[in-house]
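Asker: predicted structure and sequence below. I'll ask about it afterward.
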Amino acid sequence: MRKSALALAAAMLLLASCGQGTADKGGREPAGAGVATDAPEREPDGPTGGENVREAESGETGGPGDSGPTGDSAASGSRDIEGPDDGAAPAPAAPLYRMNGAYRFVPIDGEAPKNVVLLTFDDGPKDRELLETMLDALDSHQAKAVFFVNGYRAVKQPELLKLIRERGHMIGNHSWDHIDLKKETEDAVRDQIGRVQRLVEETVGEAPKLFRPPFGSGGDYVRGIAEEFGLLFTTWSNGSLDWDASAKDKPDVVIKNVLDQLHPGANILMHELPWTAEALDELLGKIEAEGYAFLDPALIEIPVPGPADGEDGGA
């Protein structure tokens, strides 16, 4: 009898022990189970930033039909386009504006607003603090711009090219040495343009699409060579004269010069200069007060010249 009781007690203890082990397996998360859940939260510290840069440049972050804060502005880029899930780059923004023969920008179809201006800054990148001041002013007005860079400067501070791109702006080609290209041989002009194209593409992953010759000098000769690189040749239609001695250290003069020449589709020339940076926030506010929006350069049509276009291509 005593042996039977002892055997029964031993069996009950064994069953209780097995039941406790089953509860542990179902109630506690196995070691390492949280790794898959946490992984997406760590992605922003990795290569995601580069993808955001490409979206900003292509205008994927907003468009005329979006409901976001920049949806009604010409500076907002294109409507969101869902790309394939195979990691391919997002589709570029559909162009809404075309440059005419006077270097002004006009709507392609008439649906886009006419009262827009393109903001451009030449001769950089120079100084990070100065550049960031200008980028902050642009951000405060949800404005995008083209920064036409010189190779001899950019090669010394390639991180500033990345900064321009990361902040959603376009990088333009302003030649390597800032020389009068009209006085150079064809090979020299190709070298001056091509070296900048390669440097920018190697640094930010995309070559410039717009080219502005130093001093606005070049004509059909330089234009034809620029188009060989798939570039849109442009000068300007509104000069701030911020480079002139009359405007040095005088932000109010820069503002007045731009406002006095304001017109629909204006192609505004400015430079990376301290007094321009100081003027920029007030200038942008006054441009808006005149009823103008800021043209996102990603919405500009870049013509692809055909093999027989010759020097008649572009504007």
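Answerer: Here it is on my side, so go on. Predicted model only: the values in this text are computed from it and were never measured.
Asker: where exactly do the strands run in this structure?
Answerer: 97-99, 105-107, 116-124, 145-149, 170-173, 210-211, 232-233, 238-239, 266-271, 293-294 (DSSP state E).
Asker: now tabulate those in TSV and tack on distance to residue 222.
Answerer: (C-beta placed from N, C-alpha, C; glycine too.) Below are the strands of the chain laid out as TSV (distance: least, C-beta to C-beta, whole Å):
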stretch	distance to residue 222
strand 97-99	16
strand 105-107	21
strand 116-124	16
strand 145-149	14
strand 170-173	12
strand 210-211	8
strand 232-233	7
strand 238-239	19
strand 266-271	17
strand 293-294	28
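Asker: export those as CSV, with columns for mean pLDDT and mean neighbour count.
Answerer: Below are those laid out as CSV (pLDDT from 0 to 100; neighbours: other C-beta atoms under 10 Å):
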stretch, mean pLDDT, mean neighbour count
strand 97-99, 98, 22
strand 105-107, 98, 20
strand 116-124, 98, 25
strand 145-149, 98, 27
strand 170-173, 98, 26
strand 210-211, 98, 24
strand 232-233, 98, 24
strand 238-239, 98, 20
strand 266-271, 98, 23
strand 293-294, 98, 23
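Asker: which one of those lies closest to residue 201?
Answerer: Ranking these by proximity to residue 201 (C-beta to C-beta) places strand 170-173 first, at 9.8 Å.
Asker: give the contact list for residue 204.
Answerer: 53, 161-162, 165, 171 (C-beta atoms under 8 Å, 6 or more residues apart in numbering).
Asker: the same query, at a cut-off of 6 Å, please.
Answerer: Residue 204 is in contact with 161-162, 165, counting by C-beta atoms under 6 Å, 6 or more residues apart in numbering.
Asker: do the same with residue 103
Answerer: By C-beta under 6 Å, 6+ apart, the neighbours of residue 103 are 234-235, 237, 267.
Asker: also residue 162?
Answerer: Residue 162 neighbours (C-beta under 6 Å, 6+ apart): residue 204.
Asker: for it, give its distance to residue 145.
Answerer: From residue 162 across to residue 145, the span is 16 Å (C-beta to C-beta, to the nearest Å).
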